[in-house]
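Peer 1: My questions concern the predicted model and sequence given below.
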Amino acid sequence: MADVTAGLITGKETLEFRRFPRTSPQPGCITVDVSLCGICGTDISSFRSGHLHSPAVCGHEWVGTVADVGAEVDDLREGDRVVIAVAAPCGRCPECRSGLGEHCRTASAVARGRDPLAPPHGGFAPSITVSATRVVPAHPELSDEEAAQVEPATVAFHGVRRARVVPGDTVVVQGAGPIGLLAAQFARAAGAGQVLLVEPSEARRKVGLELGASMALTPDEAADAVQAETGGLGADVVFECAGVPSLLQTAVDLTRTGGVVCLLSFLAQPAKINAARWLSKEITVVGANAYTHDDFDRSMAFLADGRVKVKDLHTRTVELGDLEATLRTLAAGASDDIKVLVDPRRHTAGITDSTA
Ligand SMILES: [Zn+2]
Ligand SMILES: [Zn+2]
């Protein structure tokens with residue numbers, strides 16, 4: 001069988017193409033021919049900072065077609081179109097045994113590439129072998145471009161679910177990257193009365209308005225606008241999707257007394273906060289860490305019937321060989337791109353194999 005060449009971030013501003021032997025899937029596993037794989041904010045920050053995650057996480061937003069099915073897999077067959085998801089609760093870990101299946105540590109470890117069956121690379125490759133429990137069938141109504149964005153959509157869906165947005169809420173979303181633009185749409189679909197987007201980039205504010213945000217504000221305008229729109233109360237729910245440590249306090253400042261701040265961005269750096277303000281406002285902080293297995297089918301239904309649009313988030317598709325140049329542009333913040341997809345099937349002239 002031919003080898004698989006995968007793009008891997010291996011250090012600060014370094015992407016290498018490495019060759020892996022293509023083998024038949026082990027029992028319980030499937031091999032998927034990847035059609036498209038999205039570039040996530042974690043890939044970009046990894047490339048920028050050199051802070052590496054497990055290689056299996058480098059390229060974790062993909063759609064593809066099942067090419068080979070291992071033994072003991074009875075619910076998938078060759079030709080099925082699937083998207084990457086997270087395994088269902090294992091039923092055996094301490095969390096599962098305590099009835100906390102949605103926090104299953106085994107499923108979480110698998111998703112973070114920290115289990116024995118984790119692939120040695122992610123979806124920036126023409127093919128990948130994963131545990132069959134990690135995929136869900138792609139909704140037939142979705143194009144590949146849409147299906148490749150189910151994973152980030154489900155991140156946002158999970159956050160909106162966790163934050164318990166209720167009809168009529170005033171919701172603020174900080175940051176109009178893919179996750180922020182998705183959170184704004186899911187909040188609206190959950191019944192939010194108004195959704196105020198806060199984002200420095202004019203291009204992204206424009207997309208936010210097109211996707212249904214009530215207002216798109218610059219960071220300087222946010223405090224006054226939120227006060228004016230809520231009669232001096234503050235927002236019911238604020239989603240932090242910008243990933244900027246100082247915006248953690250800003251999120252609390254924009255929230256009403258007794259309101260909810262939902263952390264959807266991954267703040268890798270310590271954040272300075274005014275804890276007394278958190279206490280006096282009786283803020284509820286909700287962490288939203290990825291998703292659960294059942295979140296995927298639920299979020300996909302919103303994409304399929306058009307309540308949440310991912311088409312407009314997709315700004316371009318690049319070839320696998322252009323991945324390094326694309327990461328460089330995105331890491332420099334030098335583009336108006338929102339979601340860039342990588343097509344590993346397409347021409348790979350830029351690939352230099354660096355397998356030792
Ligand atoms: Zn991601
Ligand atoms: Zn478990």
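Peer 2: Arrived safely, thanks for sending. Ligands and ions are numbered 1, 2, ... in the order given.

Peer 1: Dihedrals phi and psi, Leu117?
Peer 2: phi -90, psi 10 (degrees, to the nearest 10).

Peer 1: correct me, but it touches Cys29?
Peer 2: Yes: Leu117 lies in contact with Cys29 (Cβ atoms under 8 Å); the separation is 6.4 Å. Bear in mind the C-beta positions are built from the backbone N, C-alpha and C, glycine included.

Peer 1: Between those two, point out the one with more neighbours.
Peer 2: Taking neighbours as other Cβ atoms under 10 Å, Leu117 and Cys29 compare with Cys29 leading, 23 against 17.

Peer 1: With adjacent residues omitted, what lies nearest to that one?
Peer 2: Gly70 (4.5 Å; Cβ to Cβ, 6 or more residues apart in numbering).

Peer 1: what does the stretch 1-150 of the chain have sitting close to ligand 2?
Peer 2: 89-90, 93, 96, 104, 106 (Cβ under 5 Å from the ion).

Peer 1: go again using 8 Å as the cut-off
Peer 2: Residues of the stretch 1-150 of the chain found near ligand 2 (Cβ under 8 Å from the ion) are 89-97, 101, 104-107.

Peer 1: Could you work out the most separated pair of those residues?
Peer 2: The distance between the two most remote of those (Cβ to Cβ) is 13.9 Å, for Arg97 and Ala107.

Peer 1: which one of those two has more residues nearby?
Peer 2: Ala107 (27 against 11).

Peer 1: What helix or strand is that one located in?
Peer 2: helix 105-111 (DSSP states H and E).

Peer 1: How far away from the center of its chain is the following helix or strand past that helix?
Peer 2: Next along the chain after helix 105-111, taking DSSP H and E as the criterion, comes strand 127-131. For strand 127-131, the gap between its own C-alpha mean and the chain's C-alpha mean amounts to 19 Å (Cα atoms, centre = their mean, to the nearest Å).

Peer 1: Show me what strand 127-131 is packed up against.
Peer 2: strand 4-11, strand 29-38, strand 62-69 (3 or more Cβ pairs under 8 Å, 6 or more residues apart in numbering; DSSP states H and E).

Peer 1: could I get those as JSON lines with distance to Ala187 and mean pLDDT?
Peer 2: Below are the helices and strands packed on strand 127-131 laid out as JSON lines (distance: least, Cβ to Cβ, whole Å; pLDDT from 0 to 100):
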{"stretch": "strand 4-11", "distance to Ala187": "32", "mean pLDDT": "96"}
{"stretch": "strand 29-38", "distance to Ala187": "21", "mean pLDDT": "97"}
{"stretch": "strand 62-69", "distance to Ala187": "25", "mean pLDDT": "98"}
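
Peer 1: Sweet, I'm off.
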